[in-house]
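S.K.: next input, structure requested:
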Amino acid sequence: MSSGQDRASESGQGEASVERLTAALKSLRDQPRDAATTTVRAWGAAKVPALVAVLRRADNSTRSLASWALSLIGESAVPALLPLLNAEEEAVRFYAALALGRIADLQSLEPFIGLLDDESAWVRTTVSENLANFADPCAVDALFKALEDPFWEVRYNAIYGLRERREKRAVPALLALLKDTTSEVRAAAADALGDLGDSQVLPALQWLADHDTTETYEGNSVKISAELAIKKIVRRQEG
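M.R.: Numbering: from 1, shown residues only. Next comes the predicted model:
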């Protein structure tokens, strides 16, 4: 379906319908999380077109709610979300990608991975954050690609994605990232090596512990990350 047809379909929802759904979404903020989740799941696939219309048109706060709702509705929302990955507006691509990454249905994997080439670092960041949700080897390959992204948060998320997938093939790349220009990435690489590495990575971690006194934006010490990683590896060796 073309983007013009998409918009025509959405206009069929009617402004009043979209406005009512927008109000309903905002009211979810006042509900306990479990109750809000139950409400959205009860909406089901019937609300997908209107939620997509909200995601196209609303402010980013409401888009975030629509994205969350679409992710809860799940697989039936995927066909309607896929065209939004090509939207002109950065925020639309971001919130569509966020929903698809949470759903992690394999029919969306190829275009989802394609967003690693998106011009927006914001979009690429949410892709790298959610790739590990996809149960497919292609997602792991994409995480390796994301380790080379020029934006540090993409590299950071890719490190933790590979750590989550227990991907020991990442060890050489993680060792290289101990020399990254961004302290958050160096600390994340050390954390991941603590889970994935063996005695061969200890000298590099020890060098980081001895020489890197910088802190991340959250106030965590790269040095402490390296020291904790060393302790994890040593404990594993000692059985």
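
S.K.: point out where this protein drops to low pLDDT.
M.R.: By pLDDT under 70, the low-scoring segments of the chain are 1-14.

S.K.: the top helix by length along the chain packs against which elements?
M.R.: Counting residues, the longest helix found in the chain (DSSP state H) is helix 222-238. Counting contacts by 3 or more CB pairs under 8 Å, 6 or more residues apart in numbering; DSSP states H and E, helix 222-238 is packed against helix 183-196, helix 202-211. Backbone N, C-alpha and C define where each C-beta goes, glycine included.

S.K.: so for the first one, what gets flagged as buried?
M.R.: If you call a residue buried by 16 or more other CB atoms under 10 Å, then helix 183-196 has these buried ones: 183-194, 196.

S.K.: for the last one, same thing?
M.R.: Buried residues in helix 202-211, counting neighbours by 16+ other CB under 10 Å, are found at L202, A204, L205, L208, A209.

S.K.: quick one, what contacts the fourth one?
M.R.: When the contact criterion is CB atoms under 8 Å, 6 or more residues apart in numbering, the partners of L208 are L178, R186, A190, V222, K223, A226.

S.K.: how about 6 Å then?
M.R.: When contacts are counted by CB atoms under 6 Å, 6 or more residues apart in numbering, L208 touches L178, A226.

S.K.: distance of it relative to L162?
M.R.: Shown here: L208 relative to L162, a distance of 18 Å by CB to CB, to the nearest Å.

S.K.: list the contacts for the residue nearest to the spatial centre of the chain?
M.R.: Centroid check for the chain by CA atoms, centre = their mean gives E129 as the closest residue, at 2.5 Å. By CB under 6 Å, 6+ apart, the contact set of E129 is N157.

S.K.: doesn't it belong to a helix?
M.R.: Yes: applying DSSP: H, G, I helix; E, B strand; the rest coil, one finds E129 inside a helix.

S.K.: so what's K232 closest to, chain neighbours aside?
M.R.: With CB to CB, 6 or more residues apart in numbering as the criterion, K232 has its nearest non-adjacent residue at 4.0 Å, and that residue is G194.

S.K.: can you redo the buried residues of helix 202-211 as TSV with distance to L143?
M.R.: Output for the buried residues of helix 202-211, formatted as TSV (distance: CB to CB, whole Å):
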residue	distance to L143
L202	24
A204	21
L205	21
L208	22
A209	26
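
S.K.: which strand or helix spans K145?
M.R.: Per DSSP states H and E, K145 falls inside helix 137-146.

S.K.: show me what that helix is packed against.
M.R.: helix 152-164 (3 or more CB pairs under 6 Å, 6 or more residues apart in numbering; DSSP states H and E).

S.K.: please list the residues outside the helix it packs on that contact it.
M.R.: 124-125, 128-129, 131-132, 143, 146-147, 149, 170, 182, 184-185, 188-189, 192, 195.

S.K.: and for stretch 228-239?
M.R.: With CB under 6 Å, 6+ apart as the contact definition, stretch 228-239 has outside contacts at A190, L193, G194, G197, L205.
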